[in-house]
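Chemist: sequence plus the predicted model coming up.
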Amino acid sequence: MPERRYPVFSNPTPPCIGRKAQLDRLVSSLTKPIPDHVQVVGPRFAGKTVLLTNLIAQLEKQSSPYTAIFFWDLAHQNLDDDSHFLRVFGEHLAQALRARHPDYANHLSSLSNLASAEIAEVLEALKGDGGKVLAVLDGFDKAVANGRLTRNLWDQLRELSIKPSLRLVTASRKRLSELIRDPNAETSPFWNIFDPTPVRVGCFDERDIEAVLAVVPELTLSAGGQSELLNATNAAPLLTVEVLNALLDNGEQGEISAEVMRNKCQTAYAALRDRLSLLWADCPPTAQDLFRLVRAEGAILRSEVSWADAEMLIERGFLQLSGNKLQRANRLLGNLLDETPNESSSLARLFSSASAYQANLRTVFEHRIVQIDRLDPTLARYLRHGIDDIPDHPDVFLTHIRGLVDKVFDLIWKAEIPDKRIPSAWMAIWRRNEERRIEDWETTFPQGVHRLRLLNLITGTDKSTPCAHLITKETYVLMNAVHAFGDFGQHQEGTVVDVGTGYAALHLCIELAAAITRELQSR
């Protein structure tokens, strides 16, 4: 089969076409006197890897300040713990240093137990030699979300990154601040080293489209042909190039009319369907409902809808923003939705098989989360990360339940015992009723699993009536179950976690969040 003019998902990574604005920003940020650490953010299939590969090629060609550059694809790297991350980071660093700093490369390669101290020593020596390393970390989402990397690692990376001889570029689907799950890691200073304005990779702009079309001078698009292309794709990179591939595969030349373009968009849909499904599944129910609304009404004022939902649909090319209106619902995505017109109501299709259950139950939970009015933002973030993890990574979700548990306890104590001093009247009641294991609480507020015992007492036992003003026994029962899953998540010890177990834990977490939200609002 002849090579495609627009290779997609090829190995090696296909060349970058267009993206001049993003490349210029990256090069400028990384080559100024005091370079930035930079985040590259964009949805699935937007071309982040292609952009970063081109960035490296450009810096290696021109006279850049970097004497060593390495690319690390974390999306396909299973990391066991902090030491594993540092060891692989050091291996990439050693390989990058080999050409111009062989002594440092040999030193790193000779170490059997590579740690941050040894990497820091090499970076300090490089500073003295005028050397500088650029580390490009693609798929950084997976490293942050895998549940095995701790705040200690992020603190160590921060210490390495403040050295003038190292600069980082990360690529992820969301901003780094939105990816953090471990409550202990949230306060690490590592997240603050990056330029707060990420380089966004979304749909092609006009200059990008010009560059894309310049690759095929034998084709010209009529005004109608270009309109049809944009109506079908909204200049989403993957959709755009696959439509052009469909034209080229059919041997089209000369001016492309609106009718020919419309037919080729339909031809390209077959190749795009599965990936469109993945992009659609990445959108929460509220964003999906917004797309359907724009598709039905033609246009909606941007000011009348959720900013986050609108941005999600725009960056994927599902909608276009024109002035102050959201419009031009993506026609290729419309084809996908038209294939399953009764999807929202067909229980048999959605849940009759185990694979359908695993794929579709998450949508039920997404809708349930949206129903919780005035949900605490931190709890909402933990729940949405759970939606992201299941069904593919239930073990990762269980790892992060403890963070949700800690946040719920914080909300309970703030409402019931804000100074964390248990009222003497409560203690007197419990002593009189011979409640067990309360003596230490006169001087020390309970921590860890002992918090469950206190929550049980304040919501009432078979001996004592409830003392809590807002929190009920329902919340205690839910917390008891969620806490057990949190403990399991921290001590999985190689257990293979079934998707059903992950969904059961997620459902409990959602209802715990709903219960605490409902009870706190009752005040």
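Modeler: Yes, it's here. Quick caveat: nothing in here was measured; it's all calculated off a predicted structure.

Chemist: only C-alpha atoms from now on, for both contacts and neighbour counts.
Modeler: Noted.

Chemist: need the helices for the stretch 101-250 of the chain, in chain order.
Modeler: With helices called from DSSP state H, counting those that start in this stretch, the stretch 101-250 of the chain shows them at 102-110, 116-129, 140-145, 151-161, 176-179, 183-186, 206-214, 223-233, 237-249.

Chemist: list the helices and strands the last one packs on?
Modeler: For helix 237-249, the packing partners by 3 or more Cα pairs under 8 Å, 6 or more residues apart in numbering; DSSP states H and E come out as helix 223-233, helix 258-281.

Chemist: quick one: buried residues of it?
Modeler: By 16 or more other Cα atoms under 10 Å, the buried positions in helix 237-249 come out as 237-248.

Chemist: and for the second one?
Modeler: By neighbour count, and taking 16+ other Cα under 10 Å as the criterion, the buried residues in helix 116-129 are 116, 119-120, 122-124, 126.

Chemist: so how far is that helix from its chain's centroid?
Modeler: 32 Å (Cα atoms, centre = their mean, to the nearest Å).

Chemist: one more: stretch 205-218?
Modeler: 31 Å.

Chemist: please begin residue numbering at 44 from this point
Modeler: Let's use 44 as the start, then, which means that last one is stretch 248-261.

Chemist: where in the stretch 244-393 of the chain is pLDDT low?
Modeler: Scanning the stretch 244-393 of the chain for pLDDT under 70 picks out 384-392.

Chemist: give me the nearest residue to residue 464, chain neighbours excluded.
Modeler: residue 488 (6.9 Å; Cα to Cα, 6 or more residues apart in numbering).

Chemist: secondary structure class for that neighbour?
Modeler: When classified by DSSP: H, G, I helix; E, B strand; the rest coil, residue 488 comes out as coil.

Chemist: try residue 445
Modeler: helix.

Chemist: ok, residue 519 to residue 307 distance?
Modeler: 59 Å (Cα to Cα, to the nearest Å).

Chemist: same thing with residue 187?
Modeler: Taken as Cα to Cα, the span from residue 187 to residue 307 is 40 Å.

Chemist: returning to that earlier point: pick out whichever of the buried residues of helix 280-292 sits closest to residue 251.
Modeler: residue 280 (9.4 Å; Cα to Cα).

Chemist: check contacts around residue 439.
Modeler: 188-190, 432, 532 (Cα atoms under 8 Å, 6 or more residues apart in numbering).

Chemist: that one and residue 230, how far apart?
Modeler: Residue 439 is 20 Å from residue 230, by Cα to Cα.

Chemist: and what of residue 451?
Modeler: In terms of Cα to Cα, residue 451 sits 18 Å off from residue 230.

Chemist: next: residue 183.
Modeler: The gap separating residue 183 from residue 230 is 18 Å, by Cα to Cα.

Chemist: which one's more surrounded, those two?
Modeler: Between residue 183 and residue 230, residue 183 has the larger neighbour count (other Cα atoms under 10 Å), namely 23 against 14.

Chemist: can you name the residues that contact the more buried one?
Modeler: Taking Cα under 8 Å, 6+ apart, one finds 117-118, 213-215 in contact with residue 183.

Chemist: repeat that with 10 Å
Modeler: Neighbouring residues of residue 183 by Cα atoms under 10 Å, 6 or more residues apart in numbering: 82-83, 115-118, 212-217, 219, 222.

Chemist: strands - which of these land there?
Modeler: 82-83, 115-116, 212-215 (DSSP state E).

Chemist: need those in TSV (columns: neighbour count and pLDDT).
Modeler: Below are these laid out as TSV (neighbours: other Cα atoms under 10 Å; pLDDT from 0 to 100):
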residue	neighbour count	pLDDT
82	25	97
83	26	97
115	18	97
116	14	95
212	20	97
213	23	97
214	28	97
215	23	95
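
Chemist: any stretches of the stretch 44-193 of the chain with poor pLDDT?
Modeler: Applying pLDDT under 70 to the stretch 44-193 of the chain flags the ranges 44-46.

Chemist: please, where are all the strands along it?
Modeler: Along the stretch 44-193 of the chain, the segments classed as strands by DSSP state E, counting those that start in this stretch run 81-84, 111-116, 176-181.

Chemist: many thanks, I have nothing further to ask.
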